[in-house]
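[1] here is a sequence with its predicted model. Questions after.
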Amino acid sequence: MQKILIIGATSGIGRELGRQYAAAGHLVGATGRRQEMLDSLQQEYPDRIITACYDATGSQATTHLDAMVQKLGGLDLLIYNAGWGEPMEALDPAVNLATTDINVNAFLTAILYGWQYFVTQGHGHLVTISSIAGNRGNRHSPSYSAAKAFQSIYFEGLYIKAKKMKIPLYITDIQPGFVDTKMAKGPKFWVAPVEKAARQIIRAIGHKRRLAYITRRWWLVAKLFRWIPGWIYYRIG
C-alpha cells in the first residue's frame, strides 16, 4: 500500500486519480478548495481517503501539507494536479497573475516540500500534471502555456538532479491533451474520458516514466509543436 498525496483532487483528473488509487487499496490524501466535493469523494472510500480543504496558493500551504502527511503516516507519492487557465482575447492582468500563482508559485511550494521530504526519507516519487500546451506559446492563453512549460522544464531539471544523487527518487511529468473535464475549453479534438486518462496516468507513474503524454497519441502533437517552423506556427498559434 502506497501513501499518496494528490493536490487538487476535488474534480476532474485529480478526483479520478484519487478514486482509482483508493480502489486499488492505497491510502490517499486529497486536497482542494471545495469542502463539499472533498466530502463526497471521501464518502466513496471512507477507509482509504483522507481530505484537507485549503487553498494551495495560500500562505499556510506548507503547514497544511505537513499536517496531511502526518495524517497519512508518511508519504510515497506526491501528485501536483492543482491548476487553472482561462482563454482570453485581451490580456487580463488578474487572470494572468492568478494563472501564474497556482501553476508556478503554488506548484513550487508543493514540489519543494515533496522534494525535501523525499530526499530526507531517501526515496519517493514526485509527479506534476502539466499540459501539452506547455510545448509552445499560444495567443489564447499565453500565461497558461508559459506556466505549464515552467513545470515541465523544472521537472526535467529535478530529474537530472535526482539521477545524480543516485537515490530512488523518481520524477514524472504528465502532459495531458484534451480530457473531458471543465478545464478543457475552446475547440477540442481527441478528447479522452477522465477515467481513461487517469488509468494511463497511473500506469505511467507505476512505470516511473520521466515524461508521459495522455492519451498516448498526444506525443504526435508534441512532436509537431516542436517541429513546425515559426513562420507557420505564428499564423495559427
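    Sure, I can see it. Numbering: from 1, shown residues only.
[2] after the helix or strand harbouring Y170 comes which helix or strand?
    Mapping Y170 onto the secondary structure by DSSP states H and E places it in strand 169-176. If you walk from strand 169-176 toward the C-terminus, the next helix or strand you reach (DSSP H and E) is helix 194-206.
[3] now do that next one: which elements does it pack against?
    Contact partners of helix 194-206 among helices and strands, from 3 or more CB pairs under 8 Å, 6 or more residues apart in numbering; DSSP states H and E: helix 12-23, strand 124-129, strand 169-176, strand 211-214. For every residue, glycine as well, the C-beta is placed using N, CA and C.
[4] quick check: buried residues in it?
    194, 197-202, 204-205 (16 or more other CB atoms under 10 Å).
[5] which outside residues touch it?
    Counting by CB atoms under 8 Å, 6 or more residues apart in numbering, the neighbours of helix 194-206 from elsewhere in the structure are 12-13, 16-17, 19-21, 77, 79, 125, 127, 129, 172, 174, 176, 179-181, 212, 214-216.
[6] how close does S141 sit to K148?
    Distance from S141 to K148, counting by CB to CB, to the nearest Å: 10 Å.
[7] settle it for me: which of the two has more neighbours?
    K148 (27 against 22; other CB atoms under 10 Å).
[8] make sure the more buried one is indeed in a helix.
    Yes. The assignment for K148 is a helix, going by DSSP: H, G, I helix; E, B strand; the rest coil.
[9] test my guess that it contacts N138.
    No. In terms of CB atoms under 8 Å, K148 does not count as a neighbour of N138; the distance is 11.0 Å.
[10] just to revisit the earlier point, list the buried ones in the strand holding Y170?
    Of the residues in strand 169-176, those scored as buried under the neighbour-count criterion (16+ other CB under 10 Å) are 169-176.
[11] any chance of those in CSV, plus distance to A90?
    Formatted as CSV, the entries for the buried residues of strand 169-176 read as follows, by distance: CB to CB, whole Å:
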residue, distance to A90
L169, 42
Y170, 41
I171, 36
T172, 36
D173, 31
I174, 31
Q175, 28
P176, 27
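[12] among the helices and strands packed on helix 194-206, which is nearest L158?
    Using CB to CB as the criterion, the shortest distance between L158 and the helices and strands packed on helix 194-206 is 4.9 Å, found for strand 169-176.
[13] please indicate which of the contacts of helix 194-206 are buried?
    Here the buried ones among the contacts of helix 194-206, as counted with 16+ other CB under 10 Å, turn out to be 12-13, 16-17, 19-21, 77, 79, 125, 127, 129, 172, 174, 176, 179-181, 212, 214-215.
[14] okay, now V69: neighbour count?
    Summarising burial for V69: neighbours were counted as other CB under 10 Å, giving 18.
[15] you'd agree it is in a helix?
    Yes. If the criterion is three-state DSSP, then V69 is within a helix.
[16] check what pLDDT it gets.
    Note on V69: pLDDT of 98.
[17] equivalent analysis for G8, please.
    Taken from the predicted model, the pLDDT recorded for G8 is 96.
[18] repeat for Q20
    98.
[19] that one: what's it in contact with?
    195, 198-199, 202.
[20] do the same with I79
    4-7, 14, 17, 127-129, 205.
[21] give me the pLDDT for the residue nearest to I6 when sequence neighbours are not counted.
    What sits nearest to I6 in space, not counting adjacent residues and going by CB to CB, 6 or more residues apart in numbering, is I79, at 4.7 Å. I79 is assigned a pLDDT of 98 by the prediction.
[22] just to be sure, I79 is in a strand?
    Yes. Residue assignment for I79, taken from three-state DSSP, places it within a strand.
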